[in-house]
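Participant: I would like to see how this sequence folds:
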Amino acid sequence: MSKSGLFRWSTVAACLVLAGCGIPRPSDSPLVIAPENLPELVCQAPSAGQPLTGVWYVVRKQPGVAGEVQTLLTLSPDGKMRQQIRVKQGRNVRSELRETGCWDAPQGKLVLRIGRSNGEKIDYRESMYTLTYLIERVDNRRVVFREDKPDSRPITGQRVQDSFRLM
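Facilitator: The predicted structure is shown next:
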């Protein structure tokens, strides 16, 4: 494999790892920018009464990351989603990522498809912009889910008010 091919694959692998772990991409990591003619991502409303609809706040430690990873995930009834992810160490925000796109919950899963990252339109057809989680439990106060891969750890989210913001 050529050096440029190896670099490209290692860059894609790094982006997949970061996206899959819910850790913000570094500001210097490449995005797969959408081609000019790619239409905006179109969302479909999930089934009526979907218990995942709402705003979820997740705080967790991530191996290899100094500080805590905070995620504010908004799942709207129309199938649109917003996600703000930041790494915070003490009072300092080390990195932050804001993504928008669509969500669905087919058969015990949560599927997030990202269409914009930090306001930049991206090529949502790339697999690294589709995140799939297995839902273990969801009720009016909490959701427990895990990445859809072997040996993933449970992630617990707390339902918060629509006005909740990361500080």
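Participant: In contact with residue 66, which residues?
Facilitator: Residue 66 sits next to 87, 89, 94 when contact means C-beta atoms under 8 Å, 6 or more residues apart in numbering. In short, each C-beta sits where N, CA and C put it, glycine included.
Participant: can you tell me which of those are in helices?
Facilitator: Among the contacts of residue 66, no member is found in helices (DSSP state H).
Participant: And those, which is closest to residue 136?
Facilitator: Of all the contacts of residue 66, residue 87 has the smallest distance to residue 136: 24.8 Å, by C-beta to C-beta.
Participant: In this structure that closest one contacts residue 95, no?
Facilitator: Yes - Residue 87 lies in contact with residue 95 (C-beta atoms under 8 Å); the separation is 4.8 Å.
Participant: What does the pLDDT read for the closest residue in space to residue 51 that isn't next to it in sequence?
Facilitator: For residue 51, the nearest residue in space outside its immediate sequence neighbours is residue 138; the separation is 4.9 Å by C-beta to C-beta, 6 or more residues apart in numbering. Here the pLDDT value assigned to residue 138 is 96.
Participant: swap in residue 64?
Facilitator: The model reports residue 64 with a pLDDT of 81.
Participant: do the one 3 residues further on as well
Facilitator: Looking at residue 67, its pLDDT stands at 88.
Participant: Return the distance of it relative to residue 92.
Facilitator: Applying C-beta to C-beta, to the nearest Å, one obtains 8 Å for the distance of residue 67 from residue 92.
Participant: okay, those two: which has more neighbours?
Facilitator: When neighbours are counted by other C-beta atoms under 10 Å, residue 67 comes out ahead of the other of residue 67 and residue 92, with 16 against 8.
Participant: Residues in a beta bridge with the nearest residue to the more buried one once chain neighbours are set aside, which ones?
Facilitator: Ranked by C-beta to C-beta, 6+ apart and with sequence neighbours excluded, the top spatial neighbour of residue 67 is residue 89, at 3.2 Å. When bridges are taken as DSSP bridges, the partners of residue 89 come out as residue 92.
Participant: which residues touch residue 89?
Facilitator: Going by C-beta under 8 Å, 6+ apart, residue 89 touches 66-68.
Participant: So which of the contacts of residue 66 sits lowest on pLDDT?
Facilitator: By pLDDT, residue 94 ranks lowest within these, coming in at 83.
Participant: got the CA positions of stretch 68-82 in CSV?
Facilitator: Coordinates of the C-alpha atoms in stretch 68-82 are reproduced here as CSV (Å, rounded to 0.1, in the frame of the first residue of the first chain):
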residue,chain,number,x,y,z
GLU,A,68,-14.9,13.7,31.2
VAL,A,69,-16.9,13.4,28.0
GLN,A,70,-20.3,15.2,28.2
THR,A,71,-22.9,14.6,25.6
LEU,A,72,-26.2,16.4,25.1
LEU,A,73,-28.4,14.4,22.7
THR,A,74,-31.7,15.9,21.4
LEU,A,75,-34.0,13.4,19.7
SER,A,76,-36.9,15.2,18.1
PRO,A,77,-40.3,13.6,17.3
ASP,A,78,-39.8,14.5,13.6
GLY,A,79,-36.7,12.3,13.4
LYS,A,80,-34.1,15.1,13.6
MET,A,81,-31.3,14.9,16.1
ARG,A,82,-28.8,17.3,17.6
